[in-house]
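Engineer: Just a sequence and a predicted model for now, questions to come.
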Amino acid sequence: MSKKKDALLTEYAGDISEKFSETPDMKFLNKVVAGLGPAIYNRDASFVSGSDASELETVRTNFLIKKLGLDDGPHLMHAIKEVIREYGTSERNKHRAVVYYILARRFKKEDAYK
């Protein structure tokens, strides 16, 4: 594993602990990061802008519906906005890996990363 990836994993784990008061499951976090591939190293792709409606729609469509296989409905956007709120308004850009990790855990869809 690269030093840069290790540093990012440490940062993500810190956000999960601090912002969501959860002890991160590092094995699962590694799977989420692997699923994102090289996007974690791209500044624009590695973050979710909580104030950008089109970005939140992308999370809903591409992650919750396509990746996790959830049925569409208003509960999906509500869950995304809740995670964004919990992440904190002071954090302008939220790490995509953390947002995806929290959403997958909340919907109990860790098995999507087998």
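Structural biologist: Yep, that arrived. Numbers count the residues shown, from 1 in each chain.
Engineer: Counting by contacts, list what the helix-or-strand element of the chain with minimal mean pLDDT packs against.
Structural biologist: Every helix and strand in the chain was compared by mean pLDDT, DSSP states H and E; the lowest is strand 93-95, with a mean of 90. Packing contacts for strand 93-95, counted by 3 or more CB pairs under 8 Å, 6 or more residues apart in numbering; DSSP states H and E, involve helix 3-20, strand 47-49. Any C-beta I mention is one placed from the backbone N, CA and C, and that applies to glycine too.
Engineer: Of these, flag the one that's most buried.
Structural biologist: Sort the helices and strands packed on strand 93-95 by mean neighbour count, taking mean count of other CB atoms under 10 Å, and strand 47-49 sits at the top with a mean of 19.
Engineer: Downstream of that one, the next helix or strand is which one?
Structural biologist: Going down the chain from strand 47-49, the next helix or strand is helix 53-58, by DSSP states H and E.
Engineer: hmm, who's touching that next one?
Structural biologist: Val48, Ser49, Gly50, Met77, Ile80, Lys81, Ile84 (CB atoms under 8 Å, 6 or more residues apart in numbering).
Engineer: Now whichever helix or strand comes after that helix: buried residues?
Structural biologist: Remark: after helix 53-58, the chain's next helix or strand is helix 74-87, criterion DSSP H and E. Across helix 74-87, burial judged by 16 or more other CB atoms under 10 Å covers Leu76, Met77, Ala79, Ile80, Val83, Ile84, Tyr87.
Engineer: which residues touch the second one?
Structural biologist: In this case it means Met77. Counted by CB under 8 Å, 6+ apart, Met77 has contacts Leu56, Arg60.
Engineer: sorry, back to before: in the contacts of helix 53-58, find the pair that's most separated.
Structural biologist: Ser49 and Met77 (14.9 Å; CB to CB).
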